[in-house]
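>>> Just need the structure, nothing else, for what follows:
(one chain, ligands or ions: 1)
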Amino acid sequence: MENRCGWIAQAGDSPLRDPLSGTQQADWLVIGAGITGLCAAHSLAEMHPQARIVVVDRQRAAQGASARNSGFVVAHEHPATSELQGNTGFAGFQVDTSISRAASDEVRKRIARHGIECDFRESGYFFAVSDPRKLTDVEAKIQTLRAVGASAQCLQGEQLNRKLGTRHYQAAIWCGNGNALLQPAKYVKGLLDALPEKVTLYENTEISGLQRMSNGRIRANGLHGCIEAKQVLVCLNAFVARSGIRDSSTFPMELSASLTRPLTDQEFDAIGAPEPWGVLSTRPLGATVRLTPDRRVMIRNTAEYRSHDLSLSELAIRRQHHVLGLQRRFPMLGAQDIQYTWTGHLSASRSGQAYFAKVQEGVFAVAGCNGSGVARGTLWGRLLAELASGVGSPLLQSVMERAQPGWLPPKPLLDIGAMLRMRVETARARTEI
Ligand SMILES: Cc1cc2nc3c(=O)[nH]c(=O)nc-3n(C[C@H](O)[C@H](O)[C@H](O)COP(=O)(O)OP(=O)(O)OC[C@H]3O[C@@H](n4cnc5c(N)ncnc54)[C@H](O)[C@@H]3O)c2cc1C
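Prediction:
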């Protein structure tokens, strides 16, 4: 059993960069080379063509969560009951959607600007359920989504089965106009490969903390060297605490996913030769599933709050969950058909909103993507670079106003509360994993 991400295996590696050694000087340091950090580096390079910009990552760049996610480009979230048109949360939903739509557009712009081949599809995707009781207020949700600019449509029974090639799902809202799908490892590798030459990247360089120097610069310490920079952008997502920022009110979650071999022509025809699709659950812990353009099935149906990373034997147990989820949808697929199984970390918050802040003079940070960091990370990278450069905009202001991740109790209360919440959510998602 290997922890090997199928998206990364298909995207291939970029040339290896050296780790940091000695003492380096920089105008700008970006810590973390995922979508957020790479987009921040691109924006800094665009805004400050003469500046020395350094990016570091503790592992290979572009191979963290940004490559390991499910590839949903989120412009429109599934609205909660409180957010339906006419309810008190609708105004907030409108603002959040305008940010998400801007974020989704930012992905299109990056793909076009850098010519990134990442199987980007403007197909929209489905909020689908196997138990129709898990999809409530359908008409009100469709009206709400349309009111904020989405295309939305309800599908049920045979019509839905034909679209997805499985009888598992009984009801869905298809939601388009901004919602899209892509191959995540190809997208983030495209961002990496397009970095201008003047941006220096150090890989396999873990930063263990930030220190203010007497001359006002900030020193970021690695194992075999350090970087002294005027300004630092911390783009560590689930690992933000490792930079010493401990009050972000976000917490890490570990998810796991599997990708099958491509379906044979016979299998594909037997399920009705559907177009590639993506399904999100209406429950936070329900499964995310995709049928990819090369006819593979991807399933992500575990998500857990953990203080230690999953071991390989624990991942093997998660893989059995993937097999069960696959068989519910495609009974002809079994454990032997899975080619890749992997884990990834995301950063969550209690309110579902991000942490996006000037931490102190010269230090800026973002975390708390809450599962929509493909689009939001792309936008946040640029906005964080703009905030640090003193460039304001109504969009930046709106992002900063919404950036209220919510209070978290201290440990061990947080651990206990999170475990209990996970149990409740797992029970609620029972029919949808
Ligand atoms: C399984 C899974 C499915 C998901 N599905 C979706 C989806 O469909 N759509 C969506 O929008 N979002 C999804 N997400 C969330 C999405 O992947 C993240 O929001 C997004 O990748 C965040 O990007 P980032 O650049 O902020 O963080 P990351 O990609 O996590 O990048 C942070 C980088 O920091 C590096 N790092 C960590 N510690 C240090 C250190 N001490 N020093 C130096 N570098 C360090 C890491 O190696 C990593 O490369 C999913 C996440 C997972 C795990």
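
>>> got a pLDDT number for the residue in the stretch 301-433 of the chain positioned nearest to the ligand?
Residue of the stretch 301-433 of the chain nearest the ligand, by C-beta to the nearest ligand atom: G373 (1.8 Å). Backbone N, C-alpha and C define where each C-beta goes, glycine included. The confidence metric pLDDT takes the value 96 at G373.

>>> which bits of the stretch 51-200 of the chain sit near the ligand?
Contacts of the stretch 51-200 of the chain with the ligand, taken as C-beta under 6 Å from any ligand atom, map to 56-59, 64-66, 68-72, 74.

>>> Next step: those restricted to helices.
If you go by DSSP state H, these have 65-66, 68 in helices.

>>> Adding pLDDT, write these out as a markdown table.
Shown next, in a markdown table, are those (pLDDT from 0 to 100):
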| residue | pLDDT |
| --- | --- |
| A65 | 97 |
| S66 | 98 |
| R68 | 98 |
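
>>> Enumerate the residues of the stretch 251-400 of the chain near the ligand.
Checking the stretch 251-400 of the chain against the ligand by C-beta under 6 Å from any ligand atom, the hits are 255, 257, 300, 344-346, 369, 371-375, 377.

>>> Kindly recompute the last result at 5 Å.
255, 344, 346, 369, 371-374, 377 (C-beta under 5 Å from any ligand atom).

>>> So which residues make contact with the longest helix seen in the chain?
In the chain, assigned by DSSP H, the helix with the most residues is helix 90-114. Here helix 90-114 makes contact (C-beta atoms under 8 Å, 6 or more residues apart in numbering) with 39, 42, 73-77, 79, 83-84, 116, 118, 120, 144, 147-150, 178-180, 182, 187, 190-191, 193-194, 372, 374-376, 378-380, 382, 395, 398-399, 401-402.

>>> contacting residues around the closest residue to the ligand within the stretch 1-150 of the chain?
Going by C-beta to the nearest ligand atom, the ligand is nearest to G34 of the stretch 1-150 of the chain, at 2.3 Å. By C-beta under 8 Å, 6+ apart, G34 lies in contact with 57, 62, 64-66, 188, 235, 237, 373, 377.

>>> Most neighbours of all these, which one?
The most neighbours of any of the contacts of G34, using other C-beta atoms under 10 Å, belong to V188, which has 34 neighbours.

>>> Taking the residues of the stretch 251-400 of the chain next to the ligand together, which two end up most distant?
L255 and G377 (15.6 Å; C-beta to C-beta).

>>> What residues does the spatially most central residue of the chain make contact with?
In the chain, the residue lying closest to the centroid (C-alpha atoms, centre = their mean) is G373, at 3.6 Å. By C-beta under 8 Å, 6+ apart, G373 lies in contact with 34-36, 65-66, 69, 237, 346-347.
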